[in-house]
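1. Give the three-dimensional model of this entry:
(4 chains)
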There are 2 protein chains.
Amino acid sequence: MDEDPVKFEPVTAVRAYERVVEQVEHAVLTGRLVPGERLPSERELMTQFGVSRSTVREALRVLQAGGVVRSRPGDPRGPEVLAPSPATLRKSIHRLARAEHMGLAELLQFRMLLEGSAYLLAAHLRTAEQLERMTDALEAMRRHVDGGEGDDAAFGEADLAFHDAVAHATQNPLVVACAEVVRDVALELIEDKLAHADDRRAVKRKTVAHHAEMLAAVRDGEGERACLLARRALHDYYAEYVPAERRAMLEPFLGSP
Amino acid sequence: MDEDPVKFEPVTAVRAYERVVEQVEHAVLTGRLVPGERLPSERELMTQFGVSRSTVREALRVLQAGGVVRSRPGDPRGPEVLAPSPATLRKSIHRLARAEHMGLAELLQFRMLLEGSAYLLAAHLRTAEQLERMTDALEAMRRHVDGGEGDDAAFGEADLAFHDAVAHATQNPLVVACAEVVRDVALELIEDKLAHADDRRAVKRKTVAHHAEMLAAVRDGEGERACLLARRALHDYYAEYVPAERRAMLEPFLGSP
DNA sequence: CCTAGGCTACTGGTCCGACCAGCATACCCG
DNA sequence: CGGGTATGCTGGTCGGACCAGTAGCCTAGG
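-> Residues are numbered from 1 along each chain as shown, chains lettered A, B, ... in the order given. A predicted model of the protein is given here:
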């Protein structure tokens, strides 16, 4: 017989600052500390936790790196508890992207995966109000197609608002955050190439046409079609910037034709 | 006329430890520092950077929290540069999940979204070797269906290996990492409920049947079918644990029937 | 009376010096 | 020659100190 009932877990020396982090994080997670609230000052914390200021500061650094709190020098109200944001998710993905030598191909594939399915969900789950937001965004895009420099930014914002409305229609904050992050990181990779694209106006017009189609599909509850349209639109815009030998990994998303 | 050509950006005081973090992170990102390599000791770093040890330590804390580096007390070789891992991605998603009051419904929806499309990709992109890995994993699952306690773990491992092979077939590390993380976080939410599930053996048999179907679809390049099967399988397993009033957000993934 | 200005009491950021426990190696003694 | 110990390093923690900011009070000037 094998006697294994006694299981010893490997002991890990838990550093003092880690326990400070745990306590603060736990308080935030359980709602005992609410975003906007203030932590006691470092000197106050060091008496409450019974540790030195160095330890308190290292804990605060970790929390700050995790996007949980923010410290401002000279603020008598103490460190601020932050609202959760995808900022740290963004950094994680960013780092992972660079570390795994991921290129535009992988990011674009992931974006096609994510947004395509998001449109599928949106077509079935969207509320009337969300549909209205998409319509408004599309209108705004139309208004800024023919403008000059200034309108470029406005067009981009409207575009973003459209995608954001779709993501929200999934009712899933994780989809919203991931879509936003992946979109940003991907754009970062090619912003220079996009900057001096040849015919901005033509591109914008095509964008509007694509969005109009997708909006119609979402409005009519045609999820599969919306999904396919979204993936093809992404492919249309960005595939040219993907190395030719890697484009095969995008094709499964384009459908049968 | 509005003269805006001169745009002043808000100046942000750059803390000393932040510049230390930047330099180390940059060295890692550009490959000048490779995983497994060692950083100089804190006392050495403080002379190289020309800052105090406190500053060096705060920088190391941030890097450590970001999963870039690990310090062990008493190690004469200095802090170790870590291989990139989804650990920090995992923590980000975990935190986001709790902060946005996300429940199993959202996690499961995201997992259906992610894995479904992953199967679609896998059906078209899988290599022969990856197909073999899936086949082997399925075989292993079959072997451990009828076993007792010990086999439960083995079955779970084989199951994981199967999903992992599928994720790898997408050729996308981001898909691999996200799938792993979301799977873990979702399981965490219901591990207790799963623990005393009624008829483990019946569940296992159903699992094997499902996986066999999906494997066949992947083998035959039937992406759409694999996608649908995967999403339905996930729904079959977990939907019962999702609050009834939230199940609607999963249904768009189940197809038309 | 009200306001513009400085004043003060705090904040966080950085530095210094010290001590402790743990780890690897080299050394020394049996 | 082998094994245990001595040593010099490591990171973890502590305490104290100084500085540059900020916010709000508080006063001097309107």
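
2. do whichever strand or helix holds A:Val185 and chain B meet at all?
-> Here A:Val185 sits within helix A:173-195, counting by DSSP states H and E. Yes - using Cβ under 8 Å from any Cβ of the partner chain, helix A:173-195 comes into contact with chain B via A:173-175, A:177-178, A:182. Glycine gets a C-beta too; all of them are placed from N, C-alpha and C.

3. Closest to DNA strand C out of these?
-> Using Cβ to the nearest atom of the strand, A:Ala177 comes nearest to DNA strand C of these, at 26.4 Å.

4. ranges for the helices of the stretch 51-200 of chain A?
-> Assigned by DSSP state H, counting those that start in this stretch, the helices in the stretch 51-200 of chain A fall at A:53-65, A:87-99, A:104-125, A:128-143, A:149-169, A:173-195, A:200-219.

5. Tell me which of those helices is the most buried.
-> Mean neighbour count, computed with mean count of other Cβ atoms under 10 Å in any protein chain shown, is highest for helix A:104-125 among the helices of the stretch 51-200 of chain A, reaching a mean of 25.

6. If you count contacts, what does it end up packed against?
-> The contact analysis (3 or more Cβ pairs under 8 Å, 6 or more residues apart in numbering or on different chains; DSSP states H and E) places helix A:104-125 against helix A:149-169, helix A:173-195, helix A:200-219, helix A:223-238, helix B:104-125, helix B:173-195.

7. now the angle from the helix holding A:Val185 to helix B:104-125?
-> With axes from the mean of the first three to the mean of the last three Cα atoms, to 10 degrees defining the directions, helix A:173-195 sits at 50 degrees from helix B:104-125.

8. circling back to that earlier point, nearest to DNA strand D, of the residues of helix A:173-195 next to chain B?
-> Among those, A:Ala177 lies closest to DNA strand D (Cβ to the nearest atom of the strand), at 29.6 Å.

9. mind checking the backbone torsions on the residue nearest to the closest one when sequence neighbours are not counted?
-> Distance criterion Cβ to Cβ, 6 or more residues apart in numbering or on different chains; nearest residue to A:Ala177, sequence neighbours excluded, is A:Pro86 at 3.9 Å. Dihedral angles phi and psi of A:Pro86 (degrees, to the nearest 10) take the values phi -70, psi 10.

10. OK, contacts around the residue of the stretch 1-150 of chain A found nearest DNA strand C?
-> Distances between the stretch 1-150 of chain A and DNA strand C by Cβ to the nearest atom of the strand are smallest at A:Ser41, namely 3.1 Å. Listed by Cβ atoms under 8 Å, 6 or more residues apart in numbering or on different chains, the contact set of A:Ser41 reads A:76, A:78-79.

11. Over to A:Arg90?
-> Residues counted as contacts of A:Arg90 (Cβ under 8 Å, 6+ apart) are A:180-181, A:184-185.

12. Take these and write them to JSON lines, including pLDDT and distance to B:Thr12.
-> Converted to JSON lines, the contacts of A:Arg90 look like this (pLDDT from 0 to 100; distance: Cβ to Cβ, whole Å):
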{"residue": "A:Glu180", "pLDDT": "93", "distance to B:Thr12": "22"}
{"residue": "A:Val181", "pLDDT": "91", "distance to B:Thr12": "22"}
{"residue": "A:Asp184", "pLDDT": "90", "distance to B:Thr12": "20"}
{"residue": "A:Val185", "pLDDT": "89", "distance to B:Thr12": "22"}
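
13. Closest to A:Ala244 out of those?
-> Of all the contacts of A:Arg90, the one sitting nearest A:Ala244 is A:Val185; the distance, using Cβ to Cβ, is 22.1 Å.

14. ok now do the closest one, which residues does it touch?
-> The contact partners of A:Val185, by Cβ under 8 Å, 6+ apart, come to A:90, A:93-94, A:97, A:107.

15. wait, what's in contact with the residue nearest the centre of chain A?
-> In chain A, the C-alpha nearest the mean C-alpha coordinate belongs to A:Val181, at 2.8 Å (Cα atoms, centre = their mean). A:Val181 is in contact with A:86, A:89-90, A:93, counting by Cβ under 8 Å, 6+ apart.

16. mind checking how far the spatially closest residue to it that is not a sequence neighbour is from A:Asn172?
-> Leaving aside its sequence neighbours, A:Val181 sits nearest to A:Arg90 (Cβ to Cβ, 6+ apart; 4.4 Å). From A:Arg90 across to A:Asn172, the span is 17 Å (Cβ to Cβ, to the nearest Å).

17. what does A:Gln130 give?
-> Distance, A:Gln130 to A:Asn172, using Cβ to Cβ: 13 Å.

18. ditto for A:Thr47
-> Separation of A:Thr47 from A:Asn172 (Cβ to Cβ): 43 Å.

19. repeat for A:Ala244
-> Distance, A:Ala244 to A:Asn172, by Cβ to Cβ: 35 Å.

20. Report the angle between the worst-scoring helix or strand of chain A on mean pLDDT and helix A:53-65.
-> Within chain A, no helix or strand scores below helix A:87-99, which has a mean of 86 by mean pLDDT, DSSP states H and E. If you take the same axes, to 10 degrees, helix A:87-99 sits at 80 degrees to helix A:53-65.

21. now helix A:87-99, how far from the centre of its chain.
-> Here the centre of mass of C-alpha atoms in helix A:87-99, compared against the chain's by Cα atoms, centre = their mean, to the nearest Å, lies 10 Å away.

22. Pipe the contacts of A:Arg90 into TSV and attach distance to DNA strand D per row.
-> Output for the contacts of A:Arg90, formatted as TSV (distance: Cβ to the nearest atom of the strand, whole Å):
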residue	distance to DNA strand D
A:Glu180	30
A:Val181	30
A:Asp184	29
A:Val185	31
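
23. Looks like A:Tyr241 contacts A:Leu187 (just checking).
-> No - taking contacts as Cβ atoms under 8 Å, A:Tyr241 lies outside contact range of A:Leu187: 10.9 Å.

24. What are the neighbouring residues in contact with A:Gly223?
-> A:Gly223 neighbours (Cβ under 8 Å, 6+ apart): A:119-121, A:123-124, A:217, B:252.

25. give me that answer again for 10 Å
-> Residues in contact with A:Gly223, defined by Cβ atoms under 10 Å, 6 or more residues apart in numbering or on different chains, are A:117, A:119-125, A:217, B:252-253, B:255-256.
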